[in-house]
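Novice: Need a 3D model of the following:
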Amino acid sequence: MADTSDTRTPAQIEADIRRRRVTLAETLDEIGVRVHPKTIVGDAKAKVVASVDNSLGRAYVGANRVVSDVRAQLVTEDGAPRLERVVPVALVVVGLVGLLAVGTRRRRD
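Specialist: Prediction:
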């Protein structure tokens with residue numbers, strides 16, 4: 001059989017009860033803050049911002065990788081342009097711009 005006798009004084013028991021009430025009040029206050037609509041909305045906004053920041057960071061890294069790859073194709077290690085690759089790309093770009101200009105001019109007429 002377990003010993004159920006309490007050797008604490010009434011003052012010690014009252015102090016323990018006061019401590020537990022304070023702890024319980026703090027816990028209830030924390031729960032109230034967590035379930036408050038403003039807190040829930042703020043947490044949701046923070047998650048969305050973090051997700052967007054993460055997506056933008058990945059997009060930046062991906063774009064940076066593409067630019068680096070294209071640059072490596074068009075420029076040598078010492079920074080000189082690779083004319084055998086730059087000239088065909090430039091001709092294609094000029095051709096596309098010309099086609100767009102002709103197409104725009106036809107629509108206006």
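Novice: How much space separates the spatially closest residue to Val75 that is not a sequence neighbour from Ala72?
Specialist: Computed as Cβ to Cβ, 6 or more residues apart in numbering, the closest residue to Val75 that is not its neighbour in sequence is Pro81, at 5.9 Å. To be clear about C-beta, it is placed using only N, CA and C from the backbone, and glycine gets the same treatment. Separation of Pro81 from Ala72 (Cβ to Cβ, to the nearest Å): 12 Å.
Novice: next one: Arg34
Specialist: According to Cβ to Cβ, Arg34 stands 51 Å off from Ala72.
Novice: Which residue ranges make up each domain of the protein?
Specialist: The chain breaks down by automatic domain parsing into domains covering 10-74, 82-109.
Novice: Adding mean neighbour count, write those out as JSON lines.
Specialist: Shown next, in JSON lines, are those (neighbours: other Cβ atoms under 10 Å):
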{"stretch": "domain 10-74", "mean neighbour count": "10"}
{"stretch": "domain 82-109", "mean neighbour count": "10"}
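Novice: what's the least confident stretch among those domains?
Specialist: Across the domains of the chain, domain 82-109 has the smallest mean pLDDT, namely a mean of 88.
Novice: And the next helix or strand past the host helix or strand of Thr27?
Specialist: Applying DSSP states H and E as the criterion places Thr27 in helix 10-35. Reading on from helix 10-35 to the C-terminus, the next helix or strand found by DSSP H and E is helix 37-74.
Novice: just checking, what packs against that following helix?
Specialist: Contact here means 3 or more Cβ pairs under 8 Å, 6 or more residues apart in numbering; DSSP states H and E; on that basis helix 37-74 packs against helix 83-108.
Novice: Between helix 37-74 and the helix it packs on, find me the angle.
Specialist: Using axes from the mean of the first three to the mean of the last three Cα atoms, to 10 degrees, the direction of helix 83-108 lies 120 degrees away from that of helix 37-74.
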